[in-house]
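> Just the structure for this:
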Amino acid sequence: MADMNYKVLIEDAMLNMVRDILKKISKDGLPKKHHFLITFSSRTKGVIIPDWMKEKYPDRMTIIIRNWFENLNVTDKKFEISLNFNNNVERLTVPFNSLELFADPSVDFAISFNQFNSMLSKPEVDKETSDQIATKKEALSKKSENVIDLKNFKK
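Below is the predicted model of the structure:
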């Protein structure tokens, strides 16, 4: 029997939690004080964002789900959402395997996803070399795993 890979099991559980949270707000709406910051890799296969966003955020992008959003559709593999960017409504498709951070600053909650460990063996990431992945893995290992300082996101 193979050894248990607890890091993968924990990451899968955290992704399932984010999926469940998004499913809940797609049905019930966002509780009043809560808002979410979601950072994702914009290079991951399956990410669909407008061309201007691809140019402005070629590696990663953070979206905020706060006061106004619509058409939030959540599946097992991805979520789709319409958000307002400079008074233009844009539709985004974000696969869960692209997530790097999920945070709710209103309650000082954040989790990071270290999905770089499995990227070398998965074809989901486009245009990303093993050197870039190694650099990201090294940067992540310098931080405490799954701990984010929310001071960076507060005004």
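> For the rest of this, base every contact and every neighbour count on C-alpha atoms.
Noted.
> Following element in sequence after the host helix or strand of Ile21, please.
According to DSSP states H and E, Ile21 maps onto helix 6-28. Counting by DSSP H and E, the next helix or strand C-terminal to helix 6-28 is strand 36-41.
> starting at the chain centroid, how far to that following strand?
Averaging C-alpha positions (CA atoms, centre = their mean, to the nearest Å) puts strand 36-41 4 Å from its chain's average.
> by contact count, what packs against that strand?
For strand 36-41, the packing partners by 3 or more CA pairs under 8 Å, 6 or more residues apart in numbering; DSSP states H and E come out as strand 60-65, strand 99-104.
> pretty sure Phe96 is touching Thr75, no?
No - applying CA atoms under 8 Å as the test, Phe96 and Thr75 come out as separate, 9.4 Å apart.
> in stretch 19-33, what counts as buried?
Across stretch 19-33, burial judged by 16 or more other CA atoms under 10 Å covers 19, 22-23, 26, 30.
> That stretch - what's its average pLDDT?
When pLDDT is averaged over stretch 19-33, the result is 92.
> what sits up against it?
Outside stretch 19-33, the residues that touch it by CA atoms under 8 Å, 6 or more residues apart in numbering are 66, 71-76, 96, 106.
> rerun at 7 Å
72-74, 106 (CA atoms under 7 Å, 6 or more residues apart in numbering).
> Would you mind writing the CA trace of stretch 8-27 as CSV?
What follows is stretch 8-27 as a C-alpha-only set of coordinates in CSV (Å, rounded to 0.1, in the frame of the first residue of the first chain):
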residue,chain,number,x,y,z
VAL,A,8,-2.8,16.4,-1.2
LEU,A,9,-5.7,15.2,1.0
ILE,A,10,-5.7,18.5,2.9
GLU,A,11,-5.5,20.5,-0.3
ASP,A,12,-8.4,18.5,-1.8
ALA,A,13,-10.5,19.1,1.4
MET,A,14,-9.8,22.8,1.3
LEU,A,15,-10.7,23.1,-2.4
ASN,A,16,-14.0,21.2,-1.6
MET,A,17,-14.6,23.7,1.2
VAL,A,18,-14.2,26.6,-1.2
ARG,A,19,-16.5,24.9,-3.7
ASP,A,20,-19.1,24.4,-1.0
ILE,A,21,-18.9,28.0,0.1
LEU,A,22,-19.3,29.3,-3.4
LYS,A,23,-22.2,26.9,-4.0
LYS,A,24,-23.9,28.2,-0.9
ILE,A,25,-23.5,31.9,-1.9
SER,A,26,-24.7,31.1,-5.4
LYS,A,27,-28.0,30.0,-3.8
